[in-house]
Every structure is written in structure tokens, then in C-alpha cells.
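Novice: Show me how the following folds:
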Amino acid sequence: MRWILILILAAMSGCAGLISTANIRDVTEPVLARHDVYIEKDTSLLITNKQIALLQSQIVREQLLKKEVPVGDINPPLQAVMARHDKYIAKDKELPEPLSRVYLRSTTILRDVLKEAKNE
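Specialist: Numbering: from 1, shown residues only. Sure, this is the predicted structure:
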């Protein structure tokens with residue numbers, strides 16, 4: 001079933017190298033929100049590193065305001081955000097296991113959709 005969803009989203013993404021933000025917005029926005037909360041709470045990060053992480057998140061948010069974006073524009077900052085998001089989720093011992101799996105699954109699906117859109 002996962003592959004069906006991925007194929008449908010990839011097919012809806014438009015022209016080669018472009019992705020419709022409507023197809024990823026509902027999955028991406030919660031990832032960004034969780035990422036930003038973890039970044040703000042992380043006392044081990046230098047202020048500069050926090051600013052960079054939050055800037056990457058903001059870049060993705062601005063890309064999501066457009067109807068379509070080149071995968072090459074949204075992919076680098078979104079990949080960085082997702083990598084940090086997944087590390088924080090994996091280390092969060094207070095997060096229930098089922099919820100953790102759902103959160104990690106959302107970034108897996110996003111990565112697959114971006115990869116498909118990039119290859120079209």
C-alpha cells in the first residue's frame with residue numbers, strides 16, 4: 001500500500017523535476033513543526049547551529065507557499081531538516097513507540113516522493 005501512495009503522489013507531482021507542494025504540504029508541515037520544537041529545546045546546540053537549522057526549516061516553509069517547486073530547490077534543506085528530525089525522534093524516550101514509528105514513517109514517505117519526483 002505504501003508504494004501505491006508514493007506512486008500516486010509522484011504521478012501528481014507535475015513536470016520532471018517539479019513537485020506540487022499540495023502533495024507534500026500536509027506531511028511536511030508537521031515534520032517542520034516537530035523539528036523546530038526539538039531544535040529550540042536542544043541546549044547542546046550552539047546558537048549559530050540553531051539559527052542554521054531554523055533557517056533551513058524556514059526555507060522549506062517558504063517553498064511550500066508556492067504551487068510547484070523544483071525538487072532541487074526544496075530537497076537540500078528538507079533533507080537536512082528530516083535528518084535532524086529523525087535523530088531527535090529516535091532519541092526521544094518520552095515519545096510512545098507507535099507515535100515514533102508514525103513520525104519516522106512520514107519522513108520515509110517524503111524521501112521516497114522527493115526521489116520519485118527527482119527521477120521523473
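Novice: Tell me if I'm right that residue 38 and residue 86 touch.
Specialist: No: look at residue 38 against residue 86 with C-beta atoms under 8 Å: they stay out of range, at 10.5 Å. To be clear about C-beta, it is placed using only N, CA and C from the backbone, and glycine gets the same treatment.
Novice: measure residue 47 to residue 111 for me?
Specialist: Using C-beta to C-beta, to the nearest Å, residue 47 is found at 29 Å from residue 111.
Novice: you'd agree residue 35 is up against residue 84?
Specialist: Yes: applying C-beta under 8 Å, one finds residue 35 in contact with residue 84, separated by 6.0 Å.
Novice: what is in contact with these two at once?
Specialist: Counting by C-beta atoms under 8 Å, 6 or more residues apart in numbering, the residues touching both residue 35 and residue 84 are residue 53.
Novice: Neighbour count: these two, which is higher?
Specialist: residue 35 (25 against 18; other C-beta atoms under 10 Å).
Novice: Just after the helix or strand of the chain with the lowest mean pLDDT, pick out the following helix or strand.
Specialist: None of the helices or strands of the chain scores lower by mean pLDDT, DSSP states H and E than helix 2-11, at a mean of 44. Next in sequence after helix 2-11, counting helices and strands by DSSP states H and E, comes strand 18-20.
Novice: Past that following strand, which element shows up next along the chain?
Specialist: Proceeding N to C from strand 18-20, the next assigned helix or strand is helix 25-41, under DSSP H and E.
Novice: What residues sit buried inside that next one?
Specialist: 28, 31-32, 34-36, 38-39 (16 or more other C-beta atoms under 10 Å).
Novice: Pull the residues that contact stretch 92-111.
Specialist: Residues outside stretch 92-111 that contact it (C-beta under 8 Å, 6+ apart): 2, 5-6, 24, 27-28, 30-31, 34, 38, 78-79, 82, 85-86, 89-90.
Novice: Now stretch 25-35: average pLDDT?
Specialist: For stretch 25-35, the mean pLDDT works out to 96.
Novice: Repeat that for stretch 47-63.
Specialist: 97.
Novice: hmm, who's touching that stretch?
Specialist: If you take C-beta under 8 Å, 6+ apart as the criterion, stretch 47-63 is touched by 21, 28-29, 32, 35-36, 39-40, 42, 45, 69, 73-74, 77-78, 80-81, 84.
Novice: Perfect, I'm done here.
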